[in-house]
Structures are given as structure tokens and as C-alpha cells.
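Trainee: Next come a sequence and a model predicted from it.
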Amino acid sequence: MENIYLAIVLAPLFGSIAAGLFGKQIGRSGAHMATIIGVAISCALSFYVFKDVVLDGAAVFNGAVYTWAVSDGISFEVGFLIDRLTAMMMVVVTFVSLMVHIYTIGYMKDDPGYQRFFSYISLFTFSMLMLVMANNFMQLFFGWEAVGLVSYLLIGFWFKRETAIYANLKAFLVNRVGDFGFLLGIAVILMYFNSLDYADVFAASGNIAHLTVEVIPGSEWNVMTLICILLFIGAMGKSAQVPLHVWLPDSMEGPTPISALIHAATMVTAGVFMVARMSPMYEFSETALSIILIIGAITALFMGFLGLVQNDIKRVIAYSTLSQLGYMVVALGASAYAAGLFHLMTHAFFKALLFLAAGSVIIAMHHEQDIRKMGGLKKYLPITYWTSLIGSLALIGFPGLSGFFSKDAIIEAVGHSDIAGSGFAYIAVLLGVFVTALYSFRMFFLVFHGKERMGEHTRSHLKESPLVVTVPLVLLAIPSVAVGAMTIGPMLFGGYFGSSLVVFEEHDVLAHIGESFTGAMGFLVHGLMTPAFVLSMAGLGTAWYIYMVKPEIASNIRHKYQAVYDVLVNAYGFDNFNDKVFAGGFRKTGGFLSSIVDRKVIDGFAVNGTANSVGWWASVARHVQSGYLYHYAFAMIIGLTGMLTWIFIV
């Protein structure tokens, strides 16, 4: 099986190398064939591994395939941990990636960087697989940084656009803030556990749980809490949690396929996956869980509000991603790790579907992304319309669709949690249901229904996207409908994850919910009587009434509450703060240090001062060198006299 595991990660890498280094030789068709075949092999083998591990009950594989270095008895290895959690992540990542690769043929067909783009997305798939299959923190960090690097390349793919360069630099720098905390967390693990292997660290967590360390003089911190918080800072960057969320909306500057790849099933879910994988450590720190719970709740609700005022079709979905990531993080904070991962899986399918459907709309609209210039597209784009409707209904948790089961499970779990902050989190995720439905169907109605607001030239050329674009939409729509009902039983209440997740009995909220679980249909019937269902339908109905029946209401609300609207349009001022205070402050500090320390102290005193002093002494010494013999004889006599005087006196 080790050869199969290696093939899963290496197939996309070889495809990326072929398209990247030999793109001119193999041409466009050769580039997409090489990468699609590589990812298809990886996807097929991932399904085989899923069957082997989950359906056939094969033993967990945990072993090294390559030892990179050994230092002071600590091994730095490339190794794989293949259990049920890994198998699920492998299937999700490779399937969504395969759909994105196929879709890209149609979306990027006229782009001059065609081969380069396929090389990047295939390399991204390799990086993500290395992350989720890792059995140690070194490899985890490699995959963590690799997806960050490739996302930088993808977001700035159209590097001639200043906005794209700004966006990819912003994403890179914000993630560096999170990654600094992540790296410190790994360093503390190495310091206290003397190992980077998951199994060793998890096994010894109980022994470390009660140790303390003095981080600030006079202030004792629990070591496990410190580790968990530092690791979560890394997750905040990758999974775009407040306040490290600011990079994700701007990343829409990249081509639409990478929006689906990065923001649906891969990079942004890496933080959620990491925290769930580290559940044997997080269970020892209720403080860390409480912080995770509150930050996730703030992100889920307040990032949803921002979706209400966006007019770029991709940015609406981007803020939806932020909000849904908040739901996943809330589940982690409530120790409902399985519910968070369940939502990660269902969200991957319907969010990739929504992004790719948005791309289909953008193609038809000749790359127009403003939803205020759309409308009435239903009759022109029937496949895109119905798949978008499925994705939107799944997103708002419409009964029976995948998002219904995973989102309701999170809300129920938070409602049963006793961890500090769970009361606030419960209210936030409930209100978030209404907000999600409102912004989702605001976008849906403005794009596909109502008056046609595009220009005559665009209208005359409207047509459905080619099959290479619509087939991935249909294939993603299927799991968006069915996968939730099919998997809720085993994944949440049937012990699907087994030993992959650790939950202490006092934190096991899913066990309480499972006591009354009677199957998917019973969960569905119960869900129809919950506040979440009422709020979801209220949001949908409100969107229909405001944007289809009485559109003047929206403009009246905007004028009446202009101050609130401005706050939302400015994204609560995070970007202004970062530009003027955070980044601006560092720039001013750097300028001050440059003028004082660099120019005056280092250049003025150390460098130029040394040179000037040498010059001064040289000018003095120059007068001694007169060229007259009697001057030198006189100097020798004076020197000899002084030397003899010193000898006799001493």
C-alpha cells in the first residue's frame, strides 16, 4: 500500500512538472492531459484507499517513507498517516480538484498562461495531499507552507494586474502572521515532547497537560493551552478567521477555478482539518476550545453580514466561505470535531459548485462580475441555473440537501455545549442562518431572475457554457444533494472517525444528540421544527420579497441606514486599520529607524565615521612624512630617549 500512497501524492506532482517545465513542447492539450491524468489517478486511488480503510476495515497505516535527517535523536521524516479522517480528506480534495481541472479547460481556454495555470493547480493538489496525509509536524508544516506558496502564485496569476499583485501579497503576508504562531507552536511541541511524530505527541499529551511555563514574567501558562493557541493562530490564517480573514475576499482577483480549489475543499479548510487532527491535544485545554468557539462564532455571523452588501458575484461567495468556515470552527470549539469535518466535506461540494457556477455566469457575461448588471439569466443558462439553485439551497441548509444535515448538526452541538462562550456562539450561528439565506438568494435572484440589466451586445451573445464547464457542475451537484443524508449516521453518530478523533466524555455533545438520532429521515423531520429552519426560510422569503417584489425597499434601507451600510462596505475597517495603523505603522517605524539608526548611527557614525577618522589621522600623519633626513633622525632620538627613560623609571 505504501506504493499506492506515494502514487497518490506524486501523480499530481509529475503532472505539474510536465505542464510547467515542458508546457511549450507538449502544448495546451498536452498540459491539461498530463495534469488531469495525474489528478484522476490520484482521485481513483484515493477512492480505493477509502474503500480499503473504511469499507473493508483495513488497519491504520502510520509509517515513514523517507528519513530526511536525524538530529540529537529526533527524526525528521516524510511519512503518511492513513486513517478514516485522512481517507475522507483525500477523496474530497482529489475529487474537487479533478472537477476544477476539467472545468479549467473551458474557463481558461483563451488565456496565454494556460499551461502555467494547469501546472500551478496540479502542484496545489500535491501540496494539499502532503498536508492531509502527514503523520508528523514537519511534513504538516511543509504542506502548510506549500499550499500558501502556490496560492500566492494562483491569486496573482494575472500578474499584470496591480489588484492581483496586491491581493496575492496581502494573502502571503497575512498568512505569514498566522504561520509565525503555527511555527512557534511546533517549536514548543518539539521542546516539550522531543518528537514531531503525531503518535508520540498524542500519546504523551496527558503527561504534559498539567505542566506550566512562564511566558510573561510572573504569569504562568498551561503548556498545552499555549501549544493549542499557537497552533490555532496558524489555523486562523489558513482558514481565514477574524482578524486574519482579510486576505480571502481579495483573493477573488485570481481566476475563478482557483476560487473553487482554494476556497472550497482545500487550503481554507486546512486549519479546520489541523485542529481536528490535533483533538487529542485540544481536549486538554478548555481555554483554547473557548477561544476557538468565540472566534468561530464572530466569523460566522459578522462575515455573513458583509455578504449582504457585496455586488461582485465572486465576493458574495467568498464572504459566504468565511461565514461557513466560522461554522466549522465553532464545531471544533464545541468539541464536535466530527460535525465540523462533516460540514467541511458537504461544504466542499456545494461551495465548489457555487464558485464554478459563478464562473459559468462570468463566461456567459463576457467576464462581467457585477450582479447589478445581470438578471433574467435563467432562460439563457438552464444548467447553470439549476446547479446554482442546488448549491444555494444546500448552502442555506434547505431540508434534505447536504448542507441541511451538516449545518443543523453544528447548531445542535453548540446548543448542547457547556464550554465558555457557547451561549454567544449558539445565538451567532442561529442568526447566521437567516443572514446566509438572505445574501445567498439576494445574489441568486439578482443573477437569474427579474429584469435583464445587461447591455444589448451581451444579451445577444448569451448562451450556456460548453460541456467541459457544465459537466463538473452536474457532478458536483450530485453530492451537494445526496452526500449529507448518506453519511450523517456513520460520520456523526456511528463512530466513523474511530481513533482519529479524541473527545473527552464531558465534552461529547454529539453523544447527547446521538441518543435521540433515529436516522437521516428522523433528523430531517426534527430539523423542520427547529428555529434554524424557520430562520432559513425567513431569509429566503425576505430576499425574494425585497429583490423581486419590492426592490425599492433595498435602496430605502440603504439610505436610511447609510452609516451601517458604509461600515459593512468598508468591511468593519479592518483593511483601513491594516493599511494605516498596522502596515502603515510598521512603514513609519521602518522609515524612522532607517533615517536615525541606519543613516545616522550605522552609516554616519560606524561606516562614514570610521572612514572620516582614518582620513583625519592620515592628514595628521602626512605632516610627519616631510622627506628630510634630519627630521627622521630627530624623531628617532626623541623616541629612543623616551624609551630609555621609561625603562629606568620602571
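Mentor: Nice, thanks for sending it over. Residues are numbered from 1 along each chain as shown.

Trainee: C-alpha from now on. contacts and neighbour counts both.
Mentor: OK.

Trainee: Please tell me how far residue 279 sits from residue 229.
Mentor: 13 Å (C-alpha to C-alpha, to the nearest Å).

Trainee: Need phi/psi at residue 134.
Mentor: Main-chain torsions, residue 134, degrees, to the nearest 10: phi -60, psi 150.

Trainee: what's the neighbour count on it?
Mentor: When counting by other C-alpha atoms under 10 Å, one arrives at 26 neighbours for residue 134.

Trainee: so what's it bridging to?
Mentor: residue 80 (DSSP bridges).

Trainee: show me the contacts for it.
Mentor: 78-81, 140 (C-alpha atoms under 8 Å, 6 or more residues apart in numbering).

Trainee: swap in residue 274?
Mentor: Here residue 274 is in contact with residue 235 (C-alpha under 8 Å, 6+ apart).

Trainee: Next secondary structure after the strand or helix carrying it?
Mentor: In the assignment (DSSP states H and E), residue 274 maps to helix 270-277. Where DSSP H and E defines the elements, the next helix or strand beyond helix 270-277 is helix 279-282.

Trainee: and that next one, what does it pack onto?
Mentor: helix 198-208, helix 223-238 (3 or more C-alpha pairs under 8 Å, 6 or more residues apart in numbering; DSSP states H and E).

Trainee: now those helices as TSV including mean neighbour count?
Mentor: Output for these, formatted as TSV (neighbours: other C-alpha atoms under 10 Å):
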stretch	mean neighbour count
helix 198-208	15
helix 223-238	26
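
Trainee: Nearest approach to residue 577 belongs to which of those helices?
Mentor: helix 223-238 (17.3 Å; C-alpha to C-alpha).

Trainee: same for that closest one, what does it pack against?
Mentor: Checking 3+ C-alpha pairs under 8 Å, 6+ apart, helix 223-238 ends up next to helix 162-193, helix 198-208, helix 270-277, helix 279-282, helix 286-307.

Trainee: Let's see that with 10 Å instead.
Mentor: helix 137-155, helix 162-193, helix 198-208, strand 212-216, helix 247-250, helix 270-277, helix 279-282, helix 286-307 (3 or more C-alpha pairs under 10 Å, 6 or more residues apart in numbering; DSSP states H and E).

Trainee: The helices and strands packed on helix 279-282 into a markdown table, with extra columns for mean pLDDT?
Mentor: Listed next are the helices and strands packed on helix 279-282 as a markdown table, based on pLDDT from 0 to 100:
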| stretch | mean pLDDT |
| --- | --- |
| helix 198-208 | 93 |
| helix 223-238 | 94 |
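
Trainee: Would you mind giving the ones you listed as TSV with distance to residue 153 added?
Mentor: Below are these laid out as TSV (distance: least, C-alpha to C-alpha, whole Å):
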stretch	distance to residue 153
helix 198-208	30
helix 223-238	16
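
Trainee: Select, out of those, the one closest to residue 154.
Mentor: That would be helix 223-238 among the helices and strands packed on helix 279-282, by C-alpha to C-alpha, at 15.3 Å.

Trainee: just how off-centre is the closest one within its chain?
Mentor: 15 Å (C-alpha atoms, centre = their mean, to the nearest Å).

Trainee: With stretch 60-68 instead?
Mentor: 26 Å.

Trainee: what mean pLDDT does it have?
Mentor: Mean per-residue pLDDT for stretch 60-68: 89.

Trainee: which parts of that stretch are buried?
Mentor: 62-64 (16 or more other C-alpha atoms under 10 Å).

Trainee: Go through the helices and strands packed on helix 223-238 and pick out the most buried.
Mentor: helix 286-307 (a mean of 25; mean count of other C-alpha atoms under 10 Å).

Trainee: top of the contacts of residue 134 by neighbour count?
Mentor: In the contacts of residue 134, the most neighbours by other C-alpha under 10 Å go to residue 79, 25 neighbours.

Trainee: so how far is the helix holding residue 274 from its chain's centroid?
Mentor: Counting by C-alpha atoms, centre = their mean, helix 270-277 comes out at 11 Å from the chain centroid.

Trainee: how about it as PDB, C-alpha atoms only?
Mentor: The C-alpha trace of helix 270-277 is given here as PDB (Å, rounded to 0.1, in the frame of the first residue of the first chain):
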ATOM      1  CA  ALA A 270      -6.500  23.100   6.200                       C
ATOM      2  CA  GLY A 271      -6.900  24.900   9.500                       C
ATOM      3  CA  VAL A 272     -10.100  23.100  10.300                       C
ATOM      4  CA  PHE A 273      -8.500  19.800   9.500                       C
ATOM      5  CA  MET A 274      -5.400  20.500  11.500                       C
ATOM      6  CA  VAL A 275      -7.400  21.400  14.700                       C
ATOM      7  CA  ALA A 276      -9.500  18.200  14.300                       C
ATOM      8  CA  ARG A 277      -6.400  16.100  13.800                       C
END
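
Trainee: Any stretches of the stretch 501-650 of the chain with poor pLDDT?
Mentor: 581-587, 590, 593-594, 597-601, 603-609, 621-626, 630, 650 (pLDDT under 70).

Trainee: I misspoke; the intended subject was the stretch 301-450 of the chain.
Mentor: In the stretch 301-450 of the chain, no residues with pLDDT under 70.

Trainee: Among the contacts of residue 134, which one sits closest to residue 399?
Mentor: Nearest to residue 399 among the contacts of residue 134, with distances taken as C-alpha to C-alpha, is residue 81, at 35.6 Å.

Trainee: Return the distance of the closest one relative to residue 344.
Mentor: 20 Å.

Trainee: which residue is nearest the centroid of this protein?
Mentor: Centroid-nearest residue in the chain, with C-alpha atoms, centre = their mean: residue 268, separated by 2.3 Å.

Trainee: Verify the stated contact: that residue with residue 237.
Mentor: Yes - contact criterion C-alpha atoms under 10 Å: residue 268 and residue 237 qualify, at 8.6 Å.

Trainee: Give me the common contacts of the two.
Mentor: Common contact partners of residue 268 and residue 237 (C-alpha atoms under 10 Å, 6 or more residues apart in numbering): residue 248.

Trainee: All good on my end, thank you.
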